[in-house]
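> Here you go, sequence then predicted model.
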Amino acid sequence: MTTTTGPVPTRRLILQGAASVALLGLGNLPLAPARAAANDKYPEEAFKLKNEADAIKALYGKTAEPSDKVKLDAPEIAENGGVVPISVTTTLDKVSSISFFVAENPNALAASYKIPDDTVPSVANRLKMAKTSNVVAIVEADGKLYSATKEVKVTVGGCGG
């Protein structure tokens, strides 16, 4: 005859213990990063502008200079304007943001990313393009703006239908 003292370790008991440990662990998490992210201002006005130069000025407050240290990778011909793959990488130091602009889209600013410190400055996305247009990548590094531009020819679809 077997006698046990105390609870028998069943699956339910193990899961309850794991859930308790997880909840206790969450109580020790710092909430400062969440508050900091909540205070970042969304660039709503920049996303509404139709002109590329106006959108860049609204987002950054200054103009960018072309740089060979910003590498924009986009297809020369996009068979479907609904999903145009693009990516940008850079060798610049202290990158704080990367943004994509499409001059002929109804709204010029297509995407904007904040790049955390000590992060590899590389972003990839699929843009929707209304028609053949220049795609401009803007990289903000150490308080200055750098850009790369490439024309993408769109054959079908996109923002315009």
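Yes, it's here.

> pLDDT (mean, whole number) over the helix or strand containing Ala46?
When elements are defined using DSSP states H and E, Ala46 is found to belong to helix 44-48. Helix 44-48 shows a mean pLDDT of 81.

> Any chance you could list what contacts it?
Helix 44-48 is touched from outside by 55, 58-59, 107, 109, 112, with contacts defined as Cβ atoms under 8 Å, 6 or more residues apart in numbering. No exception for glycine: its C-beta is placed from N, CA and C like everyone else's.

> looking at the residues you listed, which has the most residues close by?
Neighbour counts for the contacts of helix 44-48, by other Cβ atoms under 10 Å, peak at Ala55, which reaches 27 neighbours.

> SS state for that one?
helix (DSSP: H, G, I helix; E, B strand; the rest coil).

> Return the residues in contact with it.
Contact analysis of Ala55 by Cβ under 8 Å, 6+ apart lists 46-47, 49, 101, 107-109.

> In those, which residue is surrounded by the most others?
Phe101 leads the contacts of Ala55 on contacts (other Cβ under 10 Å) with 29 neighbours.

> Now that one: closest residue in space, sequence neighbours ignored.
Closest residue to Phe101 apart from its sequence neighbours, by Cβ to Cβ, 6 or more residues apart in numbering: Val136 at 4.4 Å.
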